[in-house]
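> sequence plus the predicted model coming up.
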Number of protein chains: 2
Amino acid sequence: MDDSEVFRALAHPTRRAVLTLLADGEKTVSQLHAGFDISQPAMSQHLAALRAAGLVAERREGRNAYYRAEPAGMAPLMQFVEQYLEQHVERYREHWPKQLTRLKGVLARMDQ
Amino acid sequence: MDDSEVFRALAHPTRRAVLTLLADGEKTVSQLHAGFDISQPAMSQHLAALRAAGLVAERREGRNAYYRAEPAGMAPLMQFVEQYLEQHVERYREHWPKQLTRLKGVLARMDQ
DNA sequence: CGAACGCATAAGGAATGACTTATATATAGG
DNA sequence: CCTATATATAAGTCATTCCTTATGCGTTCG
């Protein structure tokens, strides 16, 4: 049950924010670091955590390290969400029509 | 950014398992405790964490405490998943056609 | 070559997490 | 009433997380 590593990696706001920043392509450690009020080593450590969880991958080029999002790493989270939605169908529909509509919208757009 | 509380709550395998057990209706603390190899206080503490995150709710009846899943608490997680899927459309479709198919299946079934 | 840059790793400390045992509180039942 | 049951809280311990500063290591460039 080391799906937990993904959840733990996502539990820190800085790491979730990093994933958001990586949405539009790879970035170096300094570029990522620039957006946060933490030391450079702290950023390196967050990236190491994301990497260990399989959520990002790294590419070296000269003295730069380019990090990119690794969607495959989200598998455990996606699986959990699917299972949860499936198990809580009725109650979820009752409480979250808007959420479901949005999610379906996302999936529909991904189909084109 | 205290969406983090939900992620932190889900980071422990016991707590995720508890949510699964609650899928088919409310259960008492003892019933939940029976399924795990931890002390009763430990289970109470896990339930307190889930409750603080908004993922479960409690109902008292006599000397029993019935816990039930609270789908509304999943909002921050669902929002994150939506955002991530949206942002990583192309790469995600490339790497996770099966995952997406399953997720769409779940949503379709929820529509009936 | 030597200095500056980009990044990772090491080391240490404060805060938080996850358990334990012991105990408190409330209700139920003989 | 008195005891047992169901649960929560308290208190203590050990592990983990998240930061810091210091340093190491390869790369670029003057």
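Nice, I can see it.
> residue contacts, the residue most central in space within chain A?
Residue closest to the mean C-alpha point of chain A, counted by CA atoms, centre = their mean, is A:Leu19 at 5.0 Å. By CB atoms under 8 Å, 6 or more residues apart in numbering or on different chains, the contact set of A:Leu19 is A:50, A:55-56, A:69, B:84. (C-beta placed from N, C-alpha, C; glycine too.)
> gap between the closest residue to A:Tyr92 other than its chain neighbours and A:Arg51?
Once flanking residues are discounted, A:Tyr92 sits nearest to B:Pro71: 4.6 Å by CB to CB, 6 or more residues apart in numbering or on different chains. For B:Pro71, the distance to A:Arg51 equals 32 Å [CB to CB, to the nearest Å].
> list the helices and strands the helix or strand where A:Ala9 lies packs on?
Secondary structure assignment for A:Ala9, by DSSP states H and E: helix A:4-10. When contacts are defined as 3 or more CB pairs under 8 Å, 6 or more residues apart in numbering or on different chains; DSSP states H and E, helix A:4-10 packs onto helix A:40-52, helix A:75-87, helix B:4-10.
> now the first one: average pLDDT?
So that's helix A:40-52. Helix A:40-52 comes out with an average pLDDT of 98.
> show me what counts as buried in that helix.
The neighbour-count check on helix A:40-52 (16 or more other CB atoms under 10 Å in any protein chain shown) flags A:43, A:46-47, A:49-51 as buried.
> ok, of these, which one's closest to DNA strand C?
A:Leu47 (5.5 Å; CB to the nearest atom of the strand).
> so A:Asn64 versus A:Ala57, what's the distance?
From A:Asn64 to A:Ala57 the distance is 15 Å (CB to CB).
> so which of those two has more stuff around it?
More crowded of A:Asn64 and A:Ala57, by other CB atoms under 10 Å in any protein chain shown: A:Ala57, with 15 against 12.
> helix/strand/coil for that one?
strand (DSSP: H, G, I helix; E, B strand; the rest coil).
> OK, contacts around the closest residue to it other than its chain neighbours?
Nearest non-adjacent residue to A:Ala57, counting by CB to CB, 6+ apart: A:Glu70, 4.7 Å away. Going by CB under 8 Å, 6+ apart, A:Glu70 touches A:54-57.
> among those, which one lies nearest to A:Trp96?
A:Leu55 (25.5 Å; CB to CB).
> what is the burial count for A:Tyr92?
21.
> so how far is B:Met74 from it?
Taking CB to CB, one finds A:Tyr92 at 8 Å from B:Met74.
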